[in-house]
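Trainee: okay, here's the prediction I keep looking at, along with the sequence it came from:
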Amino acid sequence: MFHAKAPRVTPALDLSVYREALLFLVTAGVAAPLFFHIRVSPVLGYLLAGLALGPQGLGRLAGRWSWLDLFAITDIESIDRIAAFGVVVLMFTIGLELSFERLKSLRKLVFGFGLAQVVASTALIGAAALAFGVKPQAALILGAALSLSSTAIVAPVLAENRLRTGTIGRLSFAALLLQDLAVAPLLFMAAMLARGGGGDGLALGLALSLAPAALAVAIVIGLGRLVLRPLFHSVAMTRNAESFMAACMLVVLGSALIAAASGLSMALGAFLAGLLLAETEYRREIEVTIEPFKGLLLGLFFVSVGAELDVSLILARPVLVLGALGAFLALKALATFPLARLFGASSGVARDVATLIAPGGEFAFVLIGSAMASGVVDPLSGRIAMGAAALSMMALPLLGKAVATLAAGRRARALPAEALVAPPEDVDRRVILVGFGRVGALIAEMLDVHKIPWIAVDADAHIVAAARREGKPAYFGDASRVDFLRRCGVETARALVVTMDAPLANESVVDIARKLRPDITLVARARDADHASTLYQLGVTDAVPETIEASLQLSEAVLVDLGVPMGYVIASIHEKRDEYRKRLVASGARERPGGSRRRPKPRDG
């Protein structure tokens, strides 16, 4: 006898599982563009959105009107775990933009200025806390926690305001990197103080805590050098964009987790992985692949910071919270300013660095939270400190705008009058020379011989001023800015020639120009064959490697001096040049995973 099978009951969909994710996507898709249109930093937009949607905003009103619960972020811990990866991905991309050589050049700033800034800030803030009756151990923790700044906010603010590559950016980044290195020892110090350790025990414990950290750094660097290039070569050979994306995320998360397992910050592990990949030919493609993840995860991080702001405490004790905010900002700036001056910054730059570094950071919440849980810091002092830190982080985008305005004013006052002339806005079909040093000037002379109109742009105001005094059409500006390239007429130009001697700067201009004008003739100066291959990957029409051209010219001179007929020498040199060029073009094509980048077909001969 057959029994009818009972119908399967589909469980009701639990929308609360998806609520936080849905609210964040609404924020990213609606609120962020709105803030962009009203010219407010997206960082500030995410922070305010988190405040509005969090437990102190709609979450508080949901107690009265239950339907508002659908639009409120109530489970902050659930998004905190994902939001933490925003800082991890940010540090990975910062590592991609650096290299070990460039980091080596910053070592004095990192271990000199950065370390001195943390020690001086901790001492001043801790002394102030002591003066207000806070216990010595708690004062030490509060001083150390508030001496840390927010990499997750300062780095985007520097990039957004184009301050990352100057003295302000170098000093700020040096301090931020040292602070990330200091997180593990500071957390260990907090744990030792909670157990009542001190003196020799604390010093020995701190030394021992650095051993697994040093081992983790060695593992990340060692494995990275052995594995990363072969891994990405293997993935790139598949020409599968999804596999390349998976490899990127594996490297980011794997390096972060290795660091976390050894007591370091996850962000530092990802930064080391980025440094290792910065020296490979896959750097640009990784940047493009990881960029959307960085933006979304950082947005989620900022939303979580805004949601955690304790508005009730600020309203209940405004004098205490705002007084703590003003005091720690002033003391931290007071510690940073003279140190920046000591390390060669002008008074204006030192003031700007102190302004950006003064606000608190995300690790302050971790450090103070663990100290409150262990009883080292009393709840009221901890909540006041965290409230002040959160408010300072929310003020950072506005402080960044102020710093950028002041920096632009200083640059304008320092520029010669000739460098202030703006590029013409006509639509002549000119050649645009980016970089007007010796190479750019020689190309301009050859263009004049053939009566081809041109303009030159350079970021060195003195070069531009000297050229304009000679009657040359040179203009001051940053060619990596889309609006500046458009002002120079890139959309109607006959060709763009990039002649700067900085490889990364050349790559940036090439990448932007090719996206603006897929059909433009784009010729770039390359440092060597590897750099030329990267430029072909980015879409140049021709890349001219300095080392290969020098070798070809030397070969030509030797052969002619040995009596080989000139015509035969020139023909053989041209043949060898074409051979090298085809090899480099093919190399650039192989390095484009999934065919994600397009460039014009190379010309034969």
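Mentor: Yep, it's here. Numbers count the residues shown, from 1 in each chain.
Trainee: wait, what's in contact with residue 51?
Mentor: Counting by CB atoms under 8 Å, 6 or more residues apart in numbering, residue 51 touches 57, 306-307, 309, 311, 394. Backbone N, C-alpha and C define where each C-beta goes, glycine included.
Trainee: any idea how far it is from residue 314?
Mentor: With distances taken as CB to CB, to the nearest Å, residue 51 is found 11 Å from residue 314.
Trainee: equivalent analysis for residue 364, please.
Mentor: Between residue 364 and residue 314 the distance is 16 Å, computed by CB to CB.
Trainee: compare neighbour counts for those two and give me the winner.
Mentor: More neighbours surround residue 364 than the other of residue 364 and residue 314, with 26 against 20 (other CB atoms under 10 Å).
Trainee: what's the mean pLDDT across the helix or strand that contains the more buried one?
Mentor: Assigning secondary structure by DSSP states H and E places residue 364 in helix 362-374. For helix 362-374, mean pLDDT is 81.
Trainee: neighbouring contacts of it?
Mentor: Contacting residues not belonging to helix 362-374 are listed as 87, 138, 141-142, 144-146, 148, 150-152, 179, 183, 186-187, 190-191, 193-194, 265, 301, 305, 308, 377-379, 382, 385-386, 389-390, 393 [CB under 8 Å, 6+ apart].
Trainee: neighbours around residue 457, how many?
Mentor: Neighbour count of residue 457, defined by other CB under 10 Å: 24.
Trainee: how about it, secondary structure?
Mentor: strand (DSSP: H, G, I helix; E, B strand; the rest coil).
Trainee: what's the separation between it and residue 337?
Mentor: Here residue 457 is placed at a distance of 35 Å from residue 337 (CB to CB).
Trainee: quick one on the thing from earlier: just the buried ones from the contacts of helix 362-374?
Mentor: Buried members of the contacts of helix 362-374, scored by 16 or more other CB atoms under 10 Å, are 87, 138, 141-142, 144-146, 148, 150-152, 179, 183, 186-187, 190-191, 193-194, 265, 301, 305, 308, 377, 382, 385-386, 389-390, 393.
Trainee: in helices, which of those residues fall?
Mentor: If you go by DSSP state H, these have 87, 138, 141-142, 144-146, 151-152, 179, 183, 186-187, 190-191, 193-194, 301, 305, 382, 385-386, 389-390, 393 in helices.
Trainee: in the stretch 1-150 of the chain, which spans are strands?
Mentor: Counting by DSSP state E, counting those that start in this stretch, no segments of the stretch 1-150 of the chain form strands.
Trainee: what ranges do the helices span in it?
Mentor: Applying DSSP state H, counting those that start in this stretch to the stretch 1-150 of the chain gives helices spanning 16-26, 32-37, 42-53, 58-61, 76-97, 100-105, 107-108, 115-131, 136-147.
Trainee: nearest to residue 231, out of those helices?
Mentor: helix 76-97 (15.2 Å; CB to CB).
Trainee: now the closest one and helix 42-53, what's the angle there?
Mentor: 170 degrees (axes from the mean of the first three to the mean of the last three CA atoms, to 10 degrees).
Trainee: next, the angle helix 362-374 makes with helix 76-97.
Mentor: Using the same axes, to 10 degrees: helix 76-97 against helix 362-374 is 140 degrees.
Trainee: buried set for helix 76-97?
Mentor: For helix 76-97, a neighbour-count test (16+ other CB under 10 Å) marks 76, 79-80, 82-97 as buried.
Trainee: how about residue 390, nearest residue that isn't a chain neighbour?
Mentor: In this structure, residue 390 finds its nearest non-sequential neighbour in residue 309, 4.6 Å apart by CB to CB, 6 or more residues apart in numbering.
Trainee: which pLDDT value belongs to the one you found?
Mentor: For residue 309, the pLDDT comes out at 76.
Trainee: point out where the stretch 351-500 of the chain drops to low pLDDT.
Mentor: Low-confidence segments of the stretch 351-500 of the chain (pLDDT under 70): 411-428.
Trainee: recalculate using a threshold of 80.
Mentor: Judged by pLDDT under 80, the stretch 351-500 of the chain has its weakly predicted residues at 362-363, 366, 370, 374, 407-429, 461-462, 483.
Trainee: that one: helices as residue ranges?
Mentor: 362-374, 379-414, 438-449, 461-469, 482-487.
Trainee: could you dump those helices into JSON lines with distance to residue 503 added?
Mentor: JSON lines is the format used below for the helices of the stretch 351-500 of the chain (distance: least, CB to CB, whole Å):
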{"stretch": "helix 362-374", "distance to residue 503": "33"}
{"stretch": "helix 379-414", "distance to residue 503": "24"}
{"stretch": "helix 438-449", "distance to residue 503": "14"}
{"stretch": "helix 461-469", "distance to residue 503": "19"}
{"stretch": "helix 482-487", "distance to residue 503": "19"}
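Trainee: out of these, indicate the one that is most buried.
Mentor: Of all these, helix 362-374 carries the top mean neighbour count, a mean of 21, counting by mean count of other CB atoms under 10 Å.
Trainee: which residues does the residue nearest the centre of the chain contact?
Mentor: The chain has residue 94 as the residue nearest its centroid, 4.1 Å off, counting by CA atoms, centre = their mean. When contacts are counted by CB under 8 Å, 6+ apart, residue 94 touches 155, 173, 271, 274.
Trainee: wait, the second one sits on residue 106?
Mentor: It refers to residue 173. Yes: assessed by CB atoms under 8 Å, residue 173 is found in contact with residue 106 at 7.4 Å.
Trainee: who has more neighbours out of those two?
Mentor: residue 173 (23 against 18).
Trainee: now do the contacts for the more buried one.
Mentor: By CB under 8 Å, 6+ apart, residue 173 lies in contact with 94, 106, 155, 158, 164.
Trainee: now do 10 Å
Mentor: 94, 98, 103, 106, 109-110, 114, 151, 154-155, 158, 164-165 (CB atoms under 10 Å, 6 or more residues apart in numbering).
Trainee: possible to save the residues you listed as JSON lines with distance to residue 548 and pLDDT?
Mentor: Below are these laid out as JSON lines (distance: CB to CB, whole Å; pLDDT from 0 to 100):
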{"residue": "94", "distance to residue 548": "32", "pLDDT": "75"}
{"residue": "98", "distance to residue 548": "27", "pLDDT": "69"}
{"residue": "103", "distance to residue 548": "29", "pLDDT": "70"}
{"residue": "106", "distance to residue 548": "31", "pLDDT": "77"}
{"residue": "109", "distance to residue 548": "36", "pLDDT": "88"}
{"residue": "110", "distance to residue 548": "36", "pLDDT": "86"}
{"residue": "114", "distance to residue 548": "40", "pLDDT": "90"}
{"residue": "151", "distance to residue 548": "40", "pLDDT": "79"}
{"residue": "154", "distance to residue 548": "41", "pLDDT": "85"}
{"residue": "155", "distance to residue 548": "37", "pLDDT": "80"}
{"residue": "158", "distance to residue 548": "36", "pLDDT": "82"}
{"residue": "164", "distance to residue 548": "32", "pLDDT": "73"}
{"residue": "165", "distance to residue 548": "28", "pLDDT": "68"}
